[in-house]
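# give me a model of this one.
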Amino acid sequence: MADDPSVSLPALDRVCADGVCHCDWRITLQDCEESIAMWYINVLNVAISGLTAVLGELSHYDNVIKADRDCNRNHTLNP
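Residues are numbered from 1 along each chain as shown. Take a look at the predicted model:
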């Protein structure tokens, strides 16, 4: 029974049944059925996070830095 390859014990990072391993994407993405699809999803998440960071910095510049510069020049805060 211990040498039967069709029976596998569930591990923390993956569950294998009949030679097909499914990963827990929070822990690992290597040597699994979903590894390629999850790699693309992770790349998309990195791109969206980067775009959000850039837009946030632009918004910060427009609302805080530019407004502070206008306030110091005119001694009033103009929208």
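# what are the buried residues along stretch 30-47?
Of the residues in stretch 30-47, residue 32 count as buried by neighbour count, 16 or more other CB atoms under 10 Å. Quick note: C-beta positions are derived from backbone N, CA and C, even for glycine.
# so what touches that stretch?
14, 20, 21, 22, 23, 25, 29 (CB atoms under 8 Å, 6 or more residues apart in numbering).
# the strands in the chain, which residues?
Using DSSP state E, the strands of the chain run over 14-17, 20-23.
# what are the pairing partners of the last one, and which direction each?
What that stands for is strand 20-23. Looking at strand 20-23 with DSSP bridges, its partner strands are strand 14-17 (antiparallel).
# okay, now the unreliable bits of this structure?
By pLDDT under 70, the weakly predicted segments of the chain are 1-10, 65-79.
# again, 50 this time
The model of the chain has pLDDT under 50 over residues 1-4, 7.
# max-length helix in it?
For the chain, the helix reaching the highest residue count under DSSP state H is reported as helix 35-60.
# now distance to residue 42 too, for the strands of the chain, in JSON lines please.
Output for these, formatted as JSON lines (distance: least, CB to CB, whole Å):
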{"stretch": "strand 14-17", "distance to residue 42": "17"}
{"stretch": "strand 20-23", "distance to residue 42": "12"}
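# any chance of those strands in JSON lines with mean neighbour count and distance to residue 63 as columns?
Below are the strands of the chain laid out as JSON lines (neighbours: other CB atoms under 10 Å; distance: least, CB to CB, whole Å):
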{"stretch": "strand 14-17", "mean neighbour count": "16", "distance to residue 63": "46"}
{"stretch": "strand 20-23", "mean neighbour count": "14", "distance to residue 63": "42"}
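# thinking again about what came up before, as CSV, the contacts of stretch 30-47 with distance to residue 45 would be great.
Output for these, formatted as CSV (distance: CB to CB, whole Å):
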residue, distance to residue 45
14, 21
20, 25
21, 23
22, 20
23, 17
25, 11
29, 13
